[in-house]
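let's see this in three dimensions:
(2 chains)
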Amino acid sequence: MPQASRTKKPDVKVVILGDMNVGKTSLLHRYTERKFKDTISTVGGAFFLKQWGPYNISIWDTAGREQFHGLGSMYCRGAAAVILTYDVTNWQSLAELENRFLSLTDTANTDCIFAIVGNKADLTDTLAHGPDTESERGDEAQPEVPCPTPPGTPLQHKQVSREDAVALYARVLRYKGLEEKACLPAETVCFETSAKTGYNVDVLFETLFDLVLPSILKKRSEGESSTVDLETPMEVKRTKAGCCA
Amino acid sequence: MSVKAFELVPAVEREQVMGEKVRINIECIECCGQHLFLGTNDCFIHHFILEEHMTAKGKLAYKAQKLLHKYLGLKKPVAELKAASALERLIVLCDSTITVVDMVTLELVPFGGIKLKGVTAFCINENPVTGDAFCVEMAVVLARRRAVQICTVHEDRVDMLKEVTTPEQPCALSLDGYNICLALSTQYMILNYSTGASQDLFPYDCEERKPIVKRIGREEFLLAGPGGLGMFANAEGISQRAPVSWSESVIAAAVCFPYVVALDESFVTVHSMLDQQLKQTLSFRDGHLLQDFEGKVVLASSKAVYILVPLPLERQIQDLLASHRVEEALTLTEAAQRNIPKEKYQILHKRILQQAGFIQFGQLQFLEAKEHFRKGQLDVRELISLYPLLLPASSSFTRCHPPLHEFADLNHLTQGDQEKVQRFKCFLISYLHEVRSSDSANGFREDVDTALLKLYAETGHESLLDLLASDNACLLADSAPWLEKHHKYYALGLLYHYNGQDSAALQMWVKIVNGDLQDSTRPDLFEYVVDFLSFCSNLDLVWRHADWALQKDQKIGVQIFTKRPISEEKMGQLNPNDVIAYLEKHSQALLLYLEHLVLEKKLQKEKYHTHLAVLYTDKVLGLISRPSANEEQLSAARQKLQRLLKESNLCRVQLLLGKIQDSELLLLERATLHGKLEEHDKALHILVHQLKDSPAAEEYCSWASASQDRSYRQKLFHQLLSVYLDPDLPGGAQTIAAVDLLNRHAEDFDAVHVLKLLPEEWSLPLLRPFLCGALRASVHARCTSQVAVGLARAQNLQLQHDRLKYRGGPILVSEKKGCQLCHNTFSEPDCACLPGGTPVHIHCVAKKALDLPKRQHENAHRSNHT
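Residues are numbered from 1 along each chain as shown, chains lettered A, B, ... in the order given. Sure thing, here's the model as predicted:
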């Protein structure tokens, strides 16, 4: 993996947005390193290059802190997919997506794909527990949780339901001025994940990678057409059959 | 964080700038080749020559020699200096006004064109779009104007090219091609002054913090961002690198690939652009200016100038490797690709990969190590040489210098930890195995194979035998003692064999079989050795070991001779006579060998057949004479003999007859032998009267006539019948046997002849099956003949019909009819026919045959008419 990041140029960009402490860095870390560890608050941003078949996908992890908010739209510029991340135990984190982060995506590609991701599902849902035991979670997840979990209560109250996320997705599309029917259905792009247990994390990234493939191909073909290749004979493309069609 | 990427080297001392005056501060620097210009707050420009030299310790040092200083005649500080070296001009910003001075004399140069007053900032385009080498492109920001002016500075004038309006008052800027990267009062933006397109980057409060706008390469800028971030942005307004994290109080930044150097109030920090990590921090108080000029990073306090000398890349990489930071070292190496000539880079890259591999190897990260060894095309002997005694003594290998690693050998590496030793050995096995199957062992296969053999032997690895059985280059002299040491005697034998020393190999194996040496690799080693001998082309060796093998086990030992493959070559072929003579003392083996020759290979030689028959006979006679022998053994032995006698036509019958003449028991055998001599009466006599076995007699008849014609067979059966019917013999005629014979073999008798023979008193029903059969056969024969006659007749008719058809109908010749060839009429009935039945004159045909060309002409002529 580091080999790839040293030498290759990215073909397409995916950006993770969301309020601070929702677990953006942890999600990326879980996907790339296959493990969960304490992360410190991201400064500015970081990116990771993922080799996906013959393509290189750069995944940008942004800083959620208000201080770096201004950088968001620059990171989003030219993005093929944006992952809007919230914390299922924190209603405010969902609200912030709409209030603060949605406008940052104005600079993204017009055909940008949006994913709504509720992280920390392990805190509210036994389904998302995966192989980890509960006792471990108590001490490890602590730095990630905005309001500390009272000891002894295994599950927290889920503040954001899946329906809320689906509703947000609809509003995102409306904000973008997109027809809901022409876009990807909410069930495809709304996820509940846990970076802690790994629940749904691979599914999230891999679904998105597959969805951005057409975008890569488009970009590649555009890149090709802008460069004249003197080596290979030019092929005259005929788009229309007749003269007056 | 322990990379030392830069070293701080003093360039211009305090005293050289300000002399006695205390209040003088350096305001700006320009460096251009060896020339260093300083602008001070008392409106002076100082010109130094910077001389590089090496100190005794091999470090780079600078000596500044002051050439000139010049007072600009104002009371304001010199805010900015930029050299236009092609024009030999220095562009000076002082008192918000841009002036131009001569680079050498520092004299003010009067210039035409526009006047540039009220300037707050300007910058030079390092990637200019005008092709003119003798003009410098410059972007200027004026006070209280929301605009950027693009100008060109010529030797004697300044022209304005364009003015671009901006949404806010710019306060800092940088230029690359058509792209102006601007710090406005509340944000950064990129403006294309050719197209007018603009791109907002991100908000930044320039009043609160001094912005930094730094061009770092083609269409890429470095900007001071919120929270002390160093943000990268390209001309499209996209960040292609993750930001670096400076302190909030960052003052200036410079780039020296692959590093970003930043200055704040008390430190110089060095970040890598490759991984955005902080690599080095240098304490530096009172820092004021930090700029890079053509790769040289110049740092100044308000009083003195320093140069940040980058350490040689190789040194940095080695430092990283020394602290085991493999990934960083490789990243740095690969980043250096663009600064180093290709060949040199390849050598460096390979070496770093190898070193990285050894570091990981030392940490038991074998997977990564293997990958790096592979990519770095490591001479595999470097690795082998770490393991004591594995390289052959004859190997000319010496470790590369400077060494690729710090390990003396495996013992040093593991400190005697046996478990670790095993893991290292396992790794080497798998690595060498892969090296063998790829092409990277070129040139030193002997070293690789020998090392692998040693490892296999030492660890008792099962692949040892595969290695020796396949194509290998193990050195015998080195491997043999090693295999002996680890009691791999069988493998040693294989090695001898591979090296063409079959004799030594056999000796080794014989010792194991005899129990003189202990090696349980092959429980079936004896069979293996026999098999080996059976394929061995060295006959001398075969004869030498045959005795041992036969003594050990005749049954298996004889396979040396019986399993020998038949080949056309004379070489390695054994003469059967020699073998037989040799086997004389091993009776069982001899028998097996003869059976092999006669029954399996079907050699048609009287000698072998007789010999085998004699041996069989002796065995049977032996068994008969021995009272302890049981019935089964005897019958088995007799069956073998009987089969041979029946099937073989080569035995010397008289000799065998003589041998069994006396035995009362071997009647069947005797009958068979008589049959061989065509003495059927004697044979049948024995069978019918002595043995009284009529089925055997019938079988005899069938056997004896098997390869003969029908009449012979009939004759034989008649003979048997007459034996049965002979009334002169004791016990009288054997009527029942005769009847059975007739009824069973009706087809083998001539019925008419039989009926004449039979006594009158026999009842017909007794012979009913015979008579029915005979009658049926006769009728059948008649019917069959009739059918055959009918078919033959039909065929004949058919042929006649065909013949007539092909001959065609009558040919009409008359006086009115003309000949096709000469067109004259026929006057006589004689004519010839052309194919198709056309009548022509006989003389015309003859003429035609003589005169071919003319005929062709005539044909053409005729076709014209028709």
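
now stretch B:810-822: buried residues?
Buried residues in stretch B:810-822, counted by 16 or more other Cβ atoms under 10 Å in any protein chain shown: B:813, B:819, B:821. Heads up, the C-betas are built off the backbone N, CA and C, glycines and all.

quick one: it to chain centroid distance?
With Cα atoms, centre = their mean, to the nearest Å as the basis, stretch B:810-822 stands 85 Å off its chain's centre.

number of nearby residues for residue 196?
All of this is about chain A. Residues within reach of A:Lys196, counting by other Cβ atoms under 10 Å in any protein chain shown, total 25.

sorry, should have said chain B
Considering only other Cβ under 10 Å, B:Gly196 is surrounded by 11 other residues.

then B:Val380?
With other Cβ under 10 Å as criterion, B:Val380 counts 23.

bridging residues for B:Glu220?
B:Gly217, B:Asn234 (DSSP bridges).

with the one 4 residues further on instead?
With DSSP bridges as the criterion, the beta-bridge partners of B:Ala224 are B:Gly230.

these two touch, right, it and B:Ala253?
Yes. Applying Cβ atoms under 8 Å, one finds B:Ala224 in contact with B:Ala253, separated by 7.2 Å.

need the residues touching each of those two.
Listed as contacting both B:Ala224 and B:Ala253 by Cβ atoms under 8 Å, 6 or more residues apart in numbering or on different chains are B:212, B:230, B:246.

which helix is the longest one in the chain?
Went with chain A since none was named. helix A:201-226 (DSSP state H).

meant chain B, my bad for not saying
helix B:768-807.

for the helix or strand that it is followed by, packing partners?
Per DSSP states H and E, the first helix or strand lying C-terminal to helix B:768-807 is strand B:832-834. The helices and strands touching strand B:832-834, judged by 3 or more Cβ pairs under 8 Å, 6 or more residues apart in numbering or on different chains; DSSP states H and E, are strand B:838-840, helix B:842-850.

measure A:Asp122 to A:Glu206 for me?
20 Å (Cβ to Cβ, to the nearest Å).

between the two, which one's more packed in?
Using other Cβ under 10 Å, the more surrounded residue of A:Asp122 and A:Glu206 is A:Asp122, with 27 against 13.

so the nearest residue in space to the more buried one that is not next to it in sequence, which state does it fall into?
The shortest distance from A:Asp122 to any residue other than its chain neighbours is 3.9 Å, reached at A:Ser194 (Cβ to Cβ, 6 or more residues apart in numbering or on different chains). With DSSP: H, G, I helix; E, B strand; the rest coil as the basis, A:Ser194 sits in coil.

over to A:Ser194: give its phi and psi.
Dihedral pair for A:Ser194: phi -140, psi 110, per degrees, to the nearest 10.

before we move on, which element is B:Leu173 in?
Counting by DSSP H and E, B:Leu173 is part of strand B:170-176.

avg pLDDT for the next helix or strand after that strand?
Next in sequence after strand B:170-176, counting helices and strands by DSSP H and E, comes strand B:179-184. For strand B:179-184, mean pLDDT rounds to 92.

ok, A:Ile57 touching A:Asp11?
Yes. Between A:Ile57 and A:Asp11 there is a contact under Cβ under 8 Å: 6.7 Å.

which residues are common contacts for these two?
A:Ile216.

which residue ranges form the strands in chain A?
Here chain A has its strands, by DSSP state E, at A:12-18, A:45-52, A:55-62, A:81-87, A:113-119, A:190-192.

want to throw those into a markdown table with mean neighbour count, distance to chain B and mean pLDDT?
As requested, these are arranged in a markdown table below (neighbours: other Cβ atoms under 10 Å in any protein chain shown; distance: least, Cβ to the nearest Cβ, whole Å; pLDDT from 0 to 100):
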| stretch | mean neighbour count | distance to chain B | mean pLDDT |
| --- | --- | --- | --- |
| strand A:12-18 | 26 | 8 | 92 |
| strand A:45-52 | 20 | 5 | 85 |
| strand A:55-62 | 22 | 8 | 90 |
| strand A:81-87 | 28 | 15 | 94 |
| strand A:113-119 | 27 | 18 | 93 |
| strand A:190-192 | 24 | 25 | 92 |
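
any idea which of the ones you listed gets closest to B:Ser283?
Closest approach to B:Ser283 among the strands of chain A is made by strand A:45-52 (27.6 Å; Cβ to Cβ).

partner strands of that closest one, with direction?
Paired strands of strand A:45-52, with direction, are strand A:55-62 (antiparallel) (DSSP bridges).

got the angle for the strand it pairs with vs strand A:81-87?
Here strand A:55-62 runs at an angle of 40 degrees relative to strand A:81-87 (axes from the mean of the first three to the mean of the last three Cα atoms, to 10 degrees).

assess the claim that B:Arg381 and B:Ser396 are in contact.
No. Using Cβ under 8 Å, B:Arg381 makes no contact with B:Ser396, being 9.6 Å away.

quick revisit: check which residues of the longest helix of chain A are buried.
A:201, A:204-205, A:207-209, A:211-213, A:215-216, A:219.

save these as CSV, and put in pLDDT and distance to chain B too.
Listed next are those as CSV, based on pLDDT from 0 to 100; distance: Cβ to the nearest Cβ, whole Å:
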residue, pLDDT, distance to chain B
A:Val201, 92, 21
A:Leu204, 92, 21
A:Phe205, 92, 19
A:Thr207, 92, 25
A:Leu208, 92, 19
A:Phe209, 91, 20
A:Leu211, 90, 21
A:Val212, 89, 16
A:Leu213, 88, 21
A:Ser215, 81, 15
A:Ile216, 82, 16
A:Lys219, 77, 13
